[in-house]
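Asker: build me a model from this:
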Amino acid sequence: MKVNSSLIADLPNPERPRERMQRLGASALSDRELLAILLRTGTRGKSALSLAADLLQRYEGSLSRLADSSIHELGKTPGIGKVKATELCAAFALSARISQQECRNLPMMNNPAKVASYVRQSLNQREQEEFHVLLLDSRMRLMRSELITVGLLDRSLVHPREVFRVAIKEACQSLILCHNHPSGDISPSQEDKHSTKMLQKAGKIVGISILDHVIISSRREDLEYFSFREASLMLSDKELE
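Answerer: This is a model prediction of the structure:
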């Protein structure tokens with residue numbers, strides 16, 4: 001969409017930001033269009049889209065810098081008065097509070113018992129082995145769980161590329177590996193040990209730590225688990241150098 005000084009009212013209805021959002025959803029709109037909806041109106045001879053473009057240009061396209069600005073700072077942009085600046089700050093503050101609430105609600109994965117309890121909900125009574133990774137933030141809170149493979153655990157199936165692809169995309173700080181044993185025997189196999197070491201070494205290269213590997217039984221009545229960390233089977237920092 002070309003930016004000029006024309007009014008949004010001059011645009012065809014389907015091309016107006018508000019109508020586009022109603023029709024396509026927020027994800028289809030650019031940062032400039034979303035800001036224009038918040039601004040609602042422009043000034044004489046300049047549309048809300050143009051004002052939004054001016055704001056983004058002033059903050060070099062950084063939404064985080066824009067969101068951190070005060071009402072006074074936002075008001076320095078021509079066409080952004082006190083009312084518009086206040087409305088923008090209110091929208092940014094609500095967004096920040098939503099993020100804070102989501103972070104507070106993330107479950108902690110700071111010990112193997114919690115990990116086992118969490119993964120047992122999805123791996124109980126599975127007839128095949130499933131290999132999952134738990135993506136954690138800097139405080140060891142669970143960001144998401146990702147299924148990597150289904151079937152016998154071996155190094156050809158559990159490839160570092162698949163394990164770390166989502167981790168890198170989500171910018172997580174660390175991972176915990178998890179899988180189930182349908183037999184009920186939670187003792188790690190030699191292949192379990194080899195795969196864990198291989199993934200630890202790969203994690204060292206990409207800068208994402210593997211904190212533990214937890215094995216649970218697929219049998220509902222079995223509440224025991226095996227933790228590589230508790231069994232001192234994880235490679236030490238010195239061994240990873």
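
Asker: who touches the residue minimising distance to the centre of the chain in this structure?
Answerer: When C-alpha atoms, centre = their mean is applied to the chain, the residue found nearest the centroid is residue 170 (4.3 Å). Shown in contact with residue 170 (C-beta atoms under 8 Å, 6 or more residues apart in numbering): 135, 143-144. Yep, even glycine has a C-beta here, placed from its N, CA and C like the rest.

Asker: any chance of these in JSON lines with distance to residue 97, pLDDT and secondary structure as columns?
Answerer: Below are the contacts of residue 170 laid out as JSON lines (distance: C-beta to C-beta, whole Å; pLDDT from 0 to 100; DSSP: H, G, I helix; E, B strand; the rest coil):
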{"residue": "135", "distance to residue 97": "23", "pLDDT": "94", "secondary structure": "strand"}
{"residue": "143", "distance to residue 97": "19", "pLDDT": "89", "secondary structure": "strand"}
{"residue": "144", "distance to residue 97": "21", "pLDDT": "88", "secondary structure": "strand"}
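
Asker: dump those residues into a markdown table; add neighbour count as well.
Answerer: Formatted as a markdown table, these follow (neighbours: other C-beta atoms under 10 Å):
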| residue | neighbour count |
| --- | --- |
| 135 | 22 |
| 143 | 19 |
| 144 | 13 |
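
Asker: what's the first helix or strand after the worst-scoring helix or strand of the chain on mean pLDDT?
Answerer: Within the chain, no helix or strand scores below helix 82-105, which has a mean of 80 by mean pLDDT, DSSP states H and E. The helix or strand immediately downstream of helix 82-105 is helix 112-123, counting by DSSP states H and E.

Asker: and that following helix, what does it pack onto?
Answerer: strand 130-136, strand 142-150, strand 174-181, strand 209-217, strand 225-227 (3 or more C-beta pairs under 8 Å, 6 or more residues apart in numbering; DSSP states H and E).

Asker: how many degrees apart are the first one and helix 112-123 in direction?
Answerer: I take that to be strand 130-136. 130 degrees (axes from the mean of the first three to the mean of the last three C-alpha atoms, to 10 degrees).
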